[in-house]
Structures are given as C-alpha cells and as structure tokens.
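Enquirer: please find the sequence and the predicted model below.
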Amino acid sequence: MKKTLLACGLALTTAACVTPYAPVPYDRELAGVEKILIVEQSFPEEADTRKLATNGANLTSAASAAVPVAGLFVAAIAAGVEANIEANQRARIRATLAEQEFDGEAVFDAALEAALTDSGYELDSVSLDRKSPGDFVQLVSDAQADEKTAILDVAGAGYGYQLVGGSTQWRPYAAAQVRLSNPQDPETIHMDNRVMYNPVAQPDVIVTIAPDEKYAFNSIDDLEANPELAREGVTAALTETALAVSRLLQ
C-alpha cells in the first residue's frame, strides 16, 4: 500500500495517478433484473475514421511525439496536411455509406434488442441527454422505479473504418462502453464493461472482437468501388458489438 501511495505521489509531478480500469461482472440472479430500459441513441449518427499507431495512439500524435523540438513547426504543418487528408477520406466513406442508406444506430438497436429479448428480458427505451459520444448519461435516482428494472446505457464512442500502424488496409471498427444501473440508486452498478470490435492495443479486461478479414479494403478507392461490402463491414462491426453486449447480460 505504501509503495502504491508513493508511486502516486511521485506521479503527481508529471501526471495523475490513474487507477487501471476494472469491469463490473454481471450476476443476473443477484441483480434480479427482469426489465431493461435502453438509453436511446447509443452511437454517433455518422460513421467515422481512425488512423492509429500500433499502441492505439492517434497516428499523427504518435509521429509528432518522436520529433525533436526544432522540428515541431514542420511537424505541425505535416499534422495539418494529414488532418486534411483524413477529413477527405472520412467524407468519402460517409458518402459511400449514405448512398447505401446505412443507419448504424438502427443496425445496432435491432441486433441488441433481438438478443436481449431472446434472453428473456422485457425491454423499453428512455431518452436522456448524452453530452458527447462515448460518455455515459447522467442518471438521477428515481425512488418510484420498479426494483426489477435497470437502465442500460451503451455509450458508443464511434464506428466506421480504421487504419492501424503501417498497414495500408482499412477495416471496420466499433467501440463502446456499457453500463447497467439501478434507477433507484444509479451508483449501484449491476454491470460495467467495454467492447471493442477490431481492437488496437486494448487491455485484456475488456471484451474484444476480431474483425472479419473479408471486410479489409486496400484503399478508399477500393472501398468506394465496393459499397455493398463496405456497408456489410460496418453492419458486422455493430451487430457483433451488440451481441457482445447482450452476452454480458446473460
């Protein structure tokens, strides 16, 4: 204990002492939940892109970190150029999916609700304000809530296509944190976990799902030339993420 406190104290000189994430496993019998209220709008409205180093950091940030101080001005210019390139790539991917009338939220909701219904839960939805994608909503205790009801919040950070490290292939991804809470006392957490489809440098304590290699595209041109396959890729990512969430509640 003393060593931990000392380490945290020293860390304050450079960075905060961060407690490693620890999931909260679900005990269905102990929780006694029969009805789940699902918070609406789990994921952002549109697909996104991510370009990451192999350690999970933003690719441009990782490159800049290795640049000497004297080269920071050049690095800043390079970062701006890269940002413009990625913005164009993101717009092209979004346009391709829009042509396919893709609705990521609808795909995720349908898969999650079907799986939870099959698991024997009664379902309903609740509309609550989410300040930003990937953040849990703020719950207020409801003394009148049924003791067998819980609120499920899937805070999707995003979905779309990502490019990792030196790879030239774009693959689908989806990322979310998920929490099941007691509405009478929101500080009582029945389950808390994180789900990553196509993970990059993620800890073992979360749920990770390997991507299907048939949805790997060698370039944005390749993705645009295969719009139906591009839609299938993000559909698979969101569907598998939803199924993983449902398995956490079995």
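Expert: Here it is on my side, so go on.

Enquirer: centroid residue for the protein?
Expert: Ala175 (1.8 Å; Cα atoms, centre = their mean).

Enquirer: spell out the secondary structure type for that one.
Expert: Judged by DSSP: H, G, I helix; E, B strand; the rest coil, the three-state class of Ala175 is strand.

Enquirer: that one contacts Gln162, correct?
Expert: No: Ala175 is not in contact with Gln162 according to Cβ atoms under 8 Å; the separation is 9.6 Å. To be clear about C-beta, it is placed using only N, CA and C from the backbone, and glycine gets the same treatment.

Enquirer: tell me where the longest strand sits in the chain.
Expert: Counting by DSSP state E, the longest strand found in the chain is strand 149-164.

Enquirer: tell me which strands it pairs with, and in which orientation.
Expert: Take DSSP bridges as the rule and strand 149-164 pairs in its sheet with strand 35-39 (parallel), strand 48-52 (parallel), strand 171-182 (antiparallel).

Enquirer: ranking the ones you listed by burial, who's on top?
Expert: Neighbour counts (mean count of other Cβ atoms under 10 Å) averaged over each of those peak at strand 171-182, with a mean of 24.

Enquirer: list the helices and strands the next helix or strand after that strand packs on?
Expert: Later in the chain than strand 171-182, the nearest helix or strand by DSSP states H and E is strand 185-197. Helices and strands touching strand 185-197, by 3 or more Cβ pairs under 8 Å, 6 or more residues apart in numbering; DSSP states H and E, are strand 149-164, strand 171-182, strand 207-209, helix 227-248.

Enquirer: buried stuff in strand 185-197?
Expert: Pro186, His190, Met191, Asp192, Asn193, Arg194, Val195, Met196, Tyr197 (16 or more other Cβ atoms under 10 Å).

Enquirer: could the C-alpha coordinates of it be exported in CSV?
Expert: This file holds the C-alpha atoms of strand 185-197, laid out as CSV (Å, rounded to 0.1, in the frame of the first residue of the first chain):
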residue,chain,number,x,y,z
ASP,A,185,-29.8,4.3,-6.9
PRO,A,186,-27.6,4.9,-10.0
GLU,A,187,-24.5,4.4,-8.0
THR,A,188,-25.4,0.8,-7.8
ILE,A,189,-23.8,-0.7,-10.9
HIS,A,190,-25.0,-4.2,-11.9
MET,A,191,-22.6,-4.4,-14.8
ASP,A,192,-19.8,-2.3,-16.4
ASN,A,193,-17.6,-3.2,-19.3
ARG,A,194,-16.1,-2.1,-22.6
VAL,A,195,-16.5,-3.7,-26.0
MET,A,196,-14.1,-3.2,-29.0
TYR,A,197,-14.6,-4.6,-32.5
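
Enquirer: tell me the mean pLDDT for that strand?
Expert: Averaged over strand 185-197, pLDDT sits at 96.
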